[in-house]
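Novice: sharing a sequence plus its predicted fold:
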Amino acid sequence: MAEYEGFDELRSRVDKLVVWARSVDGTAVTKSQLSGVESRLERLTDARSQAGKELAAAQEQIKRLADGAKISAEAFEKAVRKFDDEFKSAGRRLRALETDVVTLADQVRNTQREVELLERKVRQIDAPGSKAEIDTWALGQAELAAEISAGRKAARKLRALADTEALERRIARHDEHVDELRTRRGQAIAAARELASLEPDAIDEAWLSPMRAWNKHHKAAIALAEELDSSAADAQEAKAELAVQSQRSSELQPAVERGRRAEERLWGRVHGYMESVVAADQFLPIWMVNALGPGLPRQNWRGWMSAAVGIIFYRVVYQVTSLVDALGERPAQEGERQDEYDRLYAETQLPGGVIR
């Protein structure tokens, strides 16, 4: 049964704690604590055994029912209804057992959590003074944190600048306007020249086409010329605004780049520091225990390390000082920090929504 994976190991760990507590006087692990865990583990063991027996009985019943289905054709009509009812009943029992198994698995996980905390106390008694001073270390990263904050602030201002593409389109529209006016004037002049080349006594049909072209392009040129002043003013305003944007962008870019490099350096420092903490088997502060458990897990340790580094990085950058809550309060304002909080919070979740 996959739900009980690690159960026997948990039993062994509790037994070791009991032996240890009986051999040491004046420990922080009280007899009542161990007694409570032992009692709960005994109940879980009994429940596990009972669930296993009921599941085996249900499986045996289904097997008997399946064997009983191999009856003669003559008796089939008579037995099929009974078989169907019994099979459904067995299915209902199995579903009930599955619910019990899930509940039992949750209880096993909760008990494992208590055992881990008890083991942490035992280790602290046996090796006093080996606590990881992560918060003290984080204070030494204030300069990098300030550069990161300044870089992110500059990046937000850079994103808030007006759309340069829109400004460039306004300038381009004026240039297109000038080109169209030049084209219309050229077409009007061409029509006028054609009219001037005609003889005075030419037939009316010869005058008709160039006269229409002259009227069309001349009127269009006049209308474009009247709009040109407005178009030129708009383009000039866009050029001035674009120059300001360019200047402001050049002022902000260095801060953005410094912030980016500072983030890379801080991330590397945090990762290196956490590797040294784990390698020295130091005790983690309670806020990290609440988020990720008392230490590096046997499985998915890379994911654990990534989450631990991310949490410390977040605390350094946003100056979170809570002694029990790894991430502090969730930011109320939407934005980059809230997104980081939600991502890290999701990484510290266990099945059932329990923060580890």
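Specialist: Structure's in. What do you need?
Novice: Three-state assignment for the spatially closest residue to residue 345 that is not a sequence neighbour, please.
Specialist: Spatial nearest neighbour of residue 345, excluding adjacent residues (C-beta to C-beta, 6 or more residues apart in numbering): residue 327 at 6.3 Å. In this view, the C-beta of every residue, glycine as well, is placed from N, C-alpha and C. With DSSP: H, G, I helix; E, B strand; the rest coil as the basis, the three-state label of residue 327 is coil.
Novice: quick check, residue 327 in contact with residue 312.
Specialist: No. Counting by C-beta atoms under 8 Å, residue 327 sits too far from residue 312 to count as a contact (10.8 Å).
Novice: the more surrounded of these two?
Specialist: residue 312 (26 against 22; other C-beta atoms under 10 Å).
Novice: could you say which helix or strand contains that one?
Specialist: Under the criterion of DSSP states H and E, residue 312 resides in helix 301-318.
Novice: which residues sit in contact with the residue nearest to residue 345?
Specialist: Contact analysis of residue 327 by C-beta atoms under 8 Å, 6 or more residues apart in numbering lists 291, 311, 314, 315, 320, 341, 344, 345.
Novice: for PyMOL, what selects the buried ones among these?
Specialist: Buried residues within the contacts of residue 327, by 16 or more other C-beta atoms under 10 Å, are selected in PyMOL with:
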select buried, resi 291+311+314+315+320+341+344
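Novice: what score does residue 259 have for pLDDT?
Specialist: Looking at residue 259, its pLDDT stands at 92.
Novice: kindly report the same for the one 4 residues further on.
Specialist: Reading off the per-residue confidence, residue 263 sits at a pLDDT of 94.
Novice: so it sits in a helix?
Specialist: Yes. The assignment for residue 263 is a helix, going by three-state DSSP.
Novice: who touches stretch 199-218?
Specialist: 184, 185, 187, 188, 190, 191, 192, 194, 195, 198.
Novice: one more pass at 6 Å, please.
Specialist: Stretch 199-218 is contacted from outside by 184, 187, 188, 191, 192, 194, 195, 198, using C-beta atoms under 6 Å, 6 or more residues apart in numbering.
Novice: contacting residues for the third one?
Specialist: Right, residue 188. Here residue 188 is in contact with 214, 217, 218, 221 (criterion: C-beta under 6 Å, 6+ apart).
Novice: likewise the second one?
Specialist: When contacts are counted by C-beta under 6 Å, 6+ apart, residue 187 touches residue 217.
Novice: then the first one?
Specialist: With contacts defined as C-beta under 6 Å, 6+ apart, the neighbours of residue 184 are 217, 220, 221.
Novice: that one sits in which helix or strand?
Specialist: Secondary structure (DSSP H and E) places residue 184 in helix 164-196.
Novice: likewise for the last one?
Specialist: Residue 198 is part of no helix or strand, with elements assigned from DSSP H and E.
Novice: got the phi and psi for it?
Specialist: phi -80, psi 150 (degrees, to the nearest 10).
Novice: pLDDT weak spots in the stretch 1-150 of the chain?
Specialist: 1-52, 54-55, 58-59, 61-62, 64-91, 93-95, 97-98, 100-129 (pLDDT under 70).
Novice: what's the spacing between residue 195 and residue 267?
Specialist: 77 Å (C-beta to C-beta, to the nearest Å).
Novice: tell me which of the contacts of residue 188 is nearest to residue 247?
Specialist: residue 221 (37.8 Å; C-beta to C-beta).
Novice: surely the closest one and residue 186 touch.
Specialist: No. The pair residue 221 and residue 186 fails to qualify as a contact (C-beta atoms under 6 Å) at a distance of 9.2 Å.
Novice: what about these two, which has more around it?
Specialist: In this view residue 221 and residue 186 are compared by other C-beta under 10 Å, and residue 221 has more residues nearby, 20 against 12.
Novice: check which helix or strand covers the more buried one.
Specialist: Per DSSP H and E: helix 204-279 holds residue 221.
Novice: got the angle between that helix and helix 164-196?
Specialist: Counting by axes from the mean of the first three to the mean of the last three C-alpha atoms, to 10 degrees, helix 204-279 lies at 170 degrees to helix 164-196.
Novice: okay, the contacts of residue 188 in a markdown table with distance to residue 256 next?
Specialist: What follows is those, written out as a markdown table (distance: C-beta to C-beta, whole Å):
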| residue | distance to residue 256 |
| --- | --- |
| 214 | 58 |
| 217 | 51 |
| 218 | 54 |
| 221 | 48 |
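Novice: which one of the residues you listed is nearest residue 235?
Specialist: Proximity of the contacts of residue 188 to residue 235 was ranked by C-beta to C-beta; the top entry is residue 221 with 19.2 Å.
Novice: residue contacts, residue 302?
Specialist: The neighbourhood of residue 302, defined by C-beta under 6 Å, 6+ apart, contains no residues.
Novice: again, but for the one 10 residues further on
Specialist: Contacts for residue 312 (C-beta under 6 Å, 6+ apart) come out as residue 270.
Novice: hmm, try it at 8 Å
Specialist: Contacts of residue 312 by C-beta under 8 Å, 6+ apart are 134, 138, 270, 273, 274.
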